[in-house]
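> how would this look folded up:
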Amino acid sequence: MVSFRLAAAASALSLAFAVPACAKEACALVNKSDVARVFRAAFDNGERIVTSKAGKGRPEVSQCSFDAVNPSETGAHRVSVMARIASEPDPEAAALARQMLAMADQARPQIVNGVGDTALWVVRSIGSVTVGQLNVFKSGTIYLIVSVDTGSRAPSMRGPSAALAKLALQRLGK
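Purely as a prediction, here's the structure:
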């Protein structure tokens with residue numbers, strides 16, 4: 001349920017980008033082995049979700065979610081990667097997303113250095129679940145969200161989330 005809400009929020013944020021997307025999907029950018037290595041725990045094969053099909057003026061947004069086999073090993077119950085890759089740069093994308101995140105969360109996103117051109121870390125609670133979310137922007141065309149559903153350990157998931165985002169960017173050649 002939490003990942004569905006994050007996917008819906010990601011889809012809503014993606015509407016702010018009015019350029020078509022090219023065909024890179026989240027499950028092609030990270031896999032079960034990557035998630036297991038970065039979070040040091042066993043995860044399932046992953047579930048592919050396309051939240052928005054590409055069309056005129058609409059980007060394709062995809063998500064790949066991995067459930068932990070034993071969440072107590074790492075504190076991560078589910079790791080999700082959302083990918084939105086535009087065919088043309090949008091130089092204002094990161095600033096717009098930062099404003100939207102701040103309004104939605106009523107908190108200040110933390111800047112994470114060394115990941116993409118701009119990376120913003122947000123921690124939020126949805127019911128009894130805490131979610132850490134890393135929003136990464138690169139070259140005005142790439143928008144990745146790595147989210148980790150946890151108990152209360154979301155702040156400690158920032159490093160592994162950044163490592164997973166860097167891997168996805170490497171696979172995109174960025």
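> Can you show me the strands along this protein?
Assigned by DSSP state E, the strands in the chain fall at 47-52, 61-67, 76-85, 110-111, 118-126, 129-138, 142-150.
> Mind putting those into CSV with mean pLDDT and distance to residue 173?
Every C-beta, even on glycine, is put in place using the N, C-alpha and C of the backbone. Output for those, formatted as CSV (pLDDT from 0 to 100; distance: least, CB to CB, whole Å):
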stretch, mean pLDDT, distance to residue 173
strand 47-52, 78, 22
strand 61-67, 91, 18
strand 76-85, 89, 11
strand 110-111, 87, 24
strand 118-126, 84, 18
strand 129-138, 87, 10
strand 142-150, 90, 10
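> tell me the centre residue of this structure?
Most central in the chain under CA atoms, centre = their mean is residue 145, positioned 1.5 Å from the mean C-alpha point.
> Bridged to that one, which residues?
Residue 145 forms beta bridges with residue 82, residue 135, as assigned by DSSP bridges.
> hang on, isn't it packed against residue 79?
No. In this structure, residue 145 is not within contact of residue 79 by CB atoms under 8 Å, at 11.3 Å.
> what is in contact with the two at once?
Residues touching both residue 145 and residue 79 (CB atoms under 8 Å, 6 or more residues apart in numbering): none.
> Alpha carbons only: can I get stretch 25-39 in PDB?
Only the C-alpha atoms of stretch 25-39 are listed here, as PDB (Å, rounded to 0.1, in the frame of the first residue of the first chain):
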ATOM      1  CA  GLU A  25      12.700   0.800 -17.200                       C
ATOM      2  CA  ALA A  26      13.500   0.600 -13.500                       C
ATOM      3  CA  CYS A  27      13.800  -3.200 -13.500                       C
ATOM      4  CA  ALA A  28      16.500  -2.900 -16.200                       C
ATOM      5  CA  LEU A  29      18.500  -0.500 -14.100                       C
ATOM      6  CA  VAL A  30      18.600  -2.500 -10.800                       C
ATOM      7  CA  ASN A  31      18.000  -6.200 -10.100                       C
ATOM      8  CA  LYS A  32      17.600  -8.500  -7.100                       C
ATOM      9  CA  SER A  33      21.400  -9.100  -6.800                       C
ATOM     10  CA  ASP A  34      22.100  -5.400  -6.800                       C
ATOM     11  CA  VAL A  35      19.500  -4.700  -4.000                       C
ATOM     12  CA  ALA A  36      20.800  -7.700  -2.000                       C
ATOM     13  CA  ARG A  37      24.400  -6.600  -2.300                       C
ATOM     14  CA  VAL A  38      23.700  -2.900  -1.400                       C
ATOM     15  CA  PHE A  39      21.300  -3.600   1.500                       C
END
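> Kind regards, and thank you for your time.
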